[in-house]
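Participant: Have a look at this prediction, sequence included:
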Amino acid sequence: MVKRKWDLQRFKRLFSAPFVGVLMSLVLVLGHYVEAADFTDDELKAVYLFRFAYLVNWENLPSQDNLYHYCVDGSSQVARQLETIAEQKRQKAKYWDITDDSATPSRCHILFTTSREEEHILSLRIQYPDSLLVGEGKRFVENGGMASFIKMNNRVRPYIDMHNLLGLPFTLRSQLLAIAVTKGEVQE
C-alpha cells in the first residue's frame, strides 16, 4: 500500500507539470486561431499599416515630436480602423485625413489611399515625397504606389515593388520584406 501511494505521488510530480504545459499550449494555440478568425480584412490592413512605421528605417527622417504620422486621403473602413488604433496609441501615433482642409500635417510617415489612379498616386508622391505610399491591389503598385495589400491564399499580404522605392530617404527592414510579397514573386 505504501509503495502504491509513493508511486501515485511520483506520478503526479512527474506528469502534472508537463500536462499543464501541454494543456496551456493547446489553449494558446487554439485561442489564437479563434481570435485571428475574428479580425476582418480591413482590421488586419489597419494593423499592418500601423506596424509598417516600425518596420521602416527612417534614419534620414527624424521625427520632431517622436510620433509616427499616419495619413489617409478620404474615408474607408481601413482608414476608420487605423484612426481607432492611432487614438488608442496617442503617445506613439498621430492620425491625419489629408482631405480635411482644417488640419494639414507637416509630414506623413505612412500614407494610405484607396485611389488606384496613376495621376492621383503621382500627385501624392510629389506632395509627400518622404512617405511610404500604401494602397490596395496590384494595380496600385503598377501605377506608382510603393506597397499595397493583396489577397493571396485567402490571406491579406503586403505587396511591395522595390523599384518604386528607389531613391527614397528611407528603407524597408528585413522583417517587413519577410512577410511581404515582392513584385515578381506572384504571377502578374
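Facilitator: Now that the structure is in, tell me what you want to look at. Numbers count the residues shown, from 1 in each chain.

Participant: Show me the domain layout of this structure.
Facilitator: 1-38, 41-182 (automatic domain parsing).

Participant: okay, which residue is most central for the protein?
Facilitator: Centroid check for the chain by CA atoms, centre = their mean gives Y48 as the closest residue, at 1.2 Å.

Participant: Which residue is the nearest non-sequential neighbour of it?
Facilitator: P158 (6.1 Å; CB to CB, 6 or more residues apart in numbering). For every residue, glycine as well, the C-beta is placed using N, CA and C.

Participant: need the contact list for G145.
Facilitator: Residues near G145 by CB atoms under 8 Å, 6 or more residues apart in numbering: T113, I121, L133, V134, G135, D161, N164.

Participant: Can I get the buried part of those as one ChimeraX selection?
Facilitator: Buried residues among the contacts of G145 (16 or more other CB atoms under 10 Å), as a ChimeraX selection:
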select :113,121,133,134,135,161,164
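
Participant: these two touch, right, the residue nearest to the centre of the chain and S148?
Facilitator: No - counting by CB atoms under 8 Å, Y48 sits too far from S148 to count as a contact (10.7 Å).

Participant: Give me the common contacts of those two.
Facilitator: Shared contacts of Y48 and S148, counting by CB under 8 Å, 6+ apart, come down to P158.

Participant: and the contacts of G145 as CSV, adding pLDDT, distance to Y54 and secondary structure?
Facilitator: Below are those laid out as CSV (pLDDT from 0 to 100; distance: CB to CB, whole Å; DSSP: H, G, I helix; E, B strand; the rest coil):
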residue, pLDDT, distance to Y54, secondary structure
T113, 96, 21, coil
I121, 96, 24, helix
L133, 97, 17, strand
V134, 97, 14, strand
G135, 97, 20, strand
D161, 93, 21, coil
N164, 94, 21, helix
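
Participant: In the contacts of G145, find the pair that's most separated.
Facilitator: The most widely separated members of these, counting by CB to CB, are T113 and D161 (15.4 Å).

Participant: What segments of the protein are helices?
Facilitator: 2-37, 41-52, 77-88, 118-127, 138-142, 174-179 (DSSP state H).

Participant: which of these has the lowest average pLDDT?
Facilitator: Per-stretch mean pLDDT for those is lowest at helix 2-37 (a mean of 50).

Participant: quick one, what contacts A53?
Facilitator: If you count contacts by CB under 8 Å, 6+ apart, then A53 has Y68, Y70, A93, H109, I110, L132 around it.
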